[in-house]
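> Okay, structure incoming, though there's no sequence with it:
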């Protein structure tokens, strides 16, 4: 199983970016897909997550500015980030809680991370 993230980059404050993450490999079911981020010197934190049934959670600092969505047919999750602030600067990691086979318990998988830099 691989999670391939893309879409990071450098943007000015107030700008927008869209992150994508596609899961590939032998996958039976993806329960939850989401994004976490880690800024220098800080712990990794939840940005947003979405279940297969489209239940969504957001970290407090991004509510109203970021939107997560998911395409179950493509095993892909998106993060639309608007009104970006310098404090959003971090490495963003894609995450999936998934089952490889029907009788497996769900396990966490991580993408390689994509850097988002917001300049003031």
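Arrived safely, thanks for sending. Bear in mind the structure is a predicted one, so any value in this text is a computation, not a measurement.

> mind checking how far residue 91 is from residue 28?
Here the criterion is C-beta to C-beta, to the nearest Å. By it, residue 91 lies 29 Å from residue 28. The C-beta positions use only the backbone N, C-alpha and C, and glycine is treated the same way.

> quick one: which of the two has more around it?
Comparing residue 91 with residue 28 by other C-beta atoms under 10 Å, the one with more neighbours is residue 91, at 18 against 12.

> if I pick that one, what's in contact with it?
By C-beta atoms under 8 Å, 6 or more residues apart in numbering, the contact list for residue 91 reads 37, 38, 39, 113, 114, 115, 116.

> try residue 89
Applying C-beta under 8 Å, 6+ apart, we find residue 89 in contact with 39, 116, 117, 118.

> Out of those, flag the one nearest to residue 70.
Taking C-beta to C-beta as the measure, residue 70 lies nearest residue 116 of these, at 19.6 Å.

> Tell me how many other residues surround the nearest residue to that closest one once chain neighbours are set aside.
Spatial nearest neighbour of residue 116, excluding adjacent residues (C-beta to C-beta, 6 or more residues apart in numbering): residue 8 at 4.8 Å. Look at residue 8: counted by other C-beta under 10 Å, it has 18 neighbours.

> My guess is residue 8 contacts residue 118. True?
No - counting by C-beta atoms under 8 Å, residue 118 is not a contact partner of residue 8; they are 10.9 Å apart.

> circling back: among the contacts of residue 89, which lie within strands?
The strands, defined by DSSP state E, take in 116, 117, 118 from the contacts of residue 89.

> Going through these, which ones are buried?
Neighbour counting by 16 or more other C-beta atoms under 10 Å classes 116, 118 among the ones in strands among the contacts of residue 89 as buried.

> With pLDDT as new columns, can the ones in strands among the contacts of residue 89 be given to me in JSON lines?
Formatted as JSON lines, the ones in strands among the contacts of residue 89 follow (pLDDT from 0 to 100):
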{"residue": "116", "pLDDT": "98"}
{"residue": "117", "pLDDT": "98"}
{"residue": "118", "pLDDT": "98"}
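
> Now distance to residue 56 too, for the ones in strands among the contacts of residue 89, in CSV please.
Formatted as CSV, the ones in strands among the contacts of residue 89 follow (distance: C-beta to C-beta, whole Å):
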residue, distance to residue 56
116, 20
117, 26
118, 23
